[in-house]
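In: Here's my sequence, what's the structure:
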Amino acid sequence: MRKAAVVTLALLFAIFLAASAVAAESGTKDECVAKSKEAAQLITDKGLDEAIKEINNKTGKFVWKDTYVFLMDLDGKMLAHPMNAALIGKVLLENKDKGDPGKLLFKEFVELAKSKGEGWVDYMWSNPGDEKPRKKVTFIFRVPGKDVFVGAGVYE
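Out: Residues are numbered from 1 along each chain as shown. Modelled structure (predicted):
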């Protein structure tokens, strides 16, 4: 009986450690805010061209854990995306929420950037490699004085 209890506790501890390791590899909302504001500061300090180069860098400072920063203009055109180069240069205003086809999430990004300058948008999206949509929240931050915004999101 005592041996079974020890084995059970050891298994529970192993499961806890594995769950903690997975959680540690997920980006946080606070990191999304900080990295977005850091990217905006880079645009202000070094200019759009330099920022685009850095944001597009898959191994750069704007890609961390399981998330990244992207850059768009206020017309809905993707200017930089480190994980999907096929999106760069495309206007994405008609892209729909995977859970609510009536919700145009990139249009919401643009409207938020234009109206409030910063905030969160929640939507359903498919994680690469997993077709089942999950809830994702993305922080949008308009670069002060510019017609561009950056964003970064996490799955919940």
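
In: any idea how far the closest residue to residue 85 other than its chain neighbours lies from residue 26?
Out: Residue nearest to residue 85 in three dimensions, not counting chain neighbours: residue 56, with 7.4 Å by Cβ to Cβ, 6 or more residues apart in numbering. Just so you know, the C-beta spots here come from the backbone N, C-alpha and C atoms, and that holds for glycine as well. According to Cβ to Cβ, to the nearest Å, residue 56 stands 23 Å off from residue 26.

In: Compare neighbour counts for these two and give me the winner.
Out: residue 56 (20 against 13; other Cβ atoms under 10 Å).

In: For the protein, which segments count as strands?
Out: Shown for the chain, the strands assigned by DSSP state E span residues 63-64, 67-73, 78-80, 118-126, 133-142, 148-155.

In: Which neighbouring elements make contact with the third one?
Out: Looking back up the chat, that one is strand 78-80. Packing partners of strand 78-80 (3 or more Cβ pairs under 8 Å, 6 or more residues apart in numbering; DSSP states H and E): helix 48-55, strand 67-73.

In: coming back round to it: kindly list the main-chain dihedrals of the residue nearest to residue 85?
Out: phi -70, psi -10 (degrees, to the nearest 10).

In: And it, what's its pLDDT?
Out: Turning to residue 56, the model gives it a pLDDT of 98.

In: hang on, the earlier thing: columns distance to residue 110 on top of the strands of the chain, output as TSV?
Out: Output for these, formatted as TSV (distance: least, Cβ to Cβ, whole Å):
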stretch	distance to residue 110
strand 63-64	23
strand 67-73	7
strand 78-80	11
strand 118-126	10
strand 133-142	9
strand 148-155	8
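
In: Those into CSV, with extra columns for mean neighbour count and distance to residue 107?
Out: Listed next are the strands of the chain as CSV, based on neighbours: other Cβ atoms under 10 Å; distance: least, Cβ to Cβ, whole Å:
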stretch, mean neighbour count, distance to residue 107
strand 63-64, 17, 25
strand 67-73, 24, 11
strand 78-80, 21, 13
strand 118-126, 17, 10
strand 133-142, 19, 12
strand 148-155, 23, 13
